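Enquirer: heads up, no residue letters with this:
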């Protein structure tokens, strides 16, 4: 199985590190799982205008293809103005309606306010559901205070435990889908 993580932040390290922590947790639970991190800071994803995928640049084509070929996914987003990042939303606009059918699609979000912990639930979850993704119950919201100021490493033990549980649930659900 291949797990692809997508960091939907164009600045900072926290979201990318959090998504990578899920990938690492998955590999620790099952060393046969292949992982890949797609950090949107490293790509020039074109603005979606509704054209066929072939009309977009190589970076857009490459990222969309990698995501479509994954067995399951974890999406990470910072919360900006009580919403998911525009970069992540733009990326999602490139996918067809059934893009995530039979795929588990986990969510990790980072933000400055505890008041935003439901943003992934009310904004990203419906979009992933539209694409027919299966969303785990154990998605993770991480307040910026949970990171070390200097290294951006997660220092909150409860957050690390929730990330472990998310990886475990994602693997369990994806195996169930694959074995049906």
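Expert: That came in fine, so what should we check first? Bear in mind that the values here come from a model prediction, so they are computed numbers and not experimental data.
Enquirer: CA atoms for contacts and neighbours, from now on please.
Expert: OK.
Enquirer: below-threshold pLDDT in this structure: ranges please.
Expert: Within the chain, not a single segment meets pLDDT under 70.
Enquirer: can you give me the helices in it?
Expert: 14-29, 58-69, 86-92, 119, 125-130, 157-178 (DSSP state H).
Enquirer: can you list contacts of the longest one?
Expert: Contacts made with helix 157-178 from outside it, assessed by C-alpha atoms under 8 Å, 6 or more residues apart in numbering, are listed as 21-23, 25-26, 29, 71-72, 102-106, 136, 138-140, 142, 146, 154.
Enquirer: in TSV: the helices of the chain, plus mean neighbour count and distance to residue 45.
Expert: Supplementary listing: the helices of the chain in TSV, determined by neighbours: other C-alpha atoms under 10 Å; distance: least, C-alpha to C-alpha, whole Å:
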stretch	mean neighbour count	distance to residue 45
helix 14-29	22	17
helix 58-69	16	5
helix 86-92	17	7
helix 119	17	23
helix 125-130	18	19
helix 157-178	18	27
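Enquirer: nearest to residue 38, out of those?
Expert: Among the helices of the chain, the nearest to residue 38 by C-alpha to C-alpha is helix 58-69 (7.4 Å).
Enquirer: give the buried subset of the contacts of helix 157-178 as a PyMOL selection command.
Expert: Here is the PyMOL command that selects the buried residues among the contacts of helix 157-178 (16 or more other C-alpha atoms under 10 Å):
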select buried, resi 21+22+23+25+26+71+72+102+103+104+105+106+136+138+139+140+142+146+154
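Enquirer: so which of the contacts of helix 157-178 are in strands?
Expert: Using DSSP state E, the members of these that fall within strands are 72, 105, 106, 140, 142.
Enquirer: so what's the residue positioned nearest the centre of the chain up against?
Expert: In the chain, the C-alpha nearest the mean C-alpha coordinate belongs to residue 75, at 0.9 Å (C-alpha atoms, centre = their mean). Residue 75 is in contact with 5, 6, 7, 8, 19, 105, 106, 107, 108, counting by C-alpha under 8 Å, 6+ apart.
Enquirer: make TSV out of those and add distance to residue 34.
Expert: Listed next are those as TSV, based on distance: C-alpha to C-alpha, whole Å:
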residue	distance to residue 34
5	11
6	14
7	17
8	20
19	14
105	16
106	16
107	18
108	19
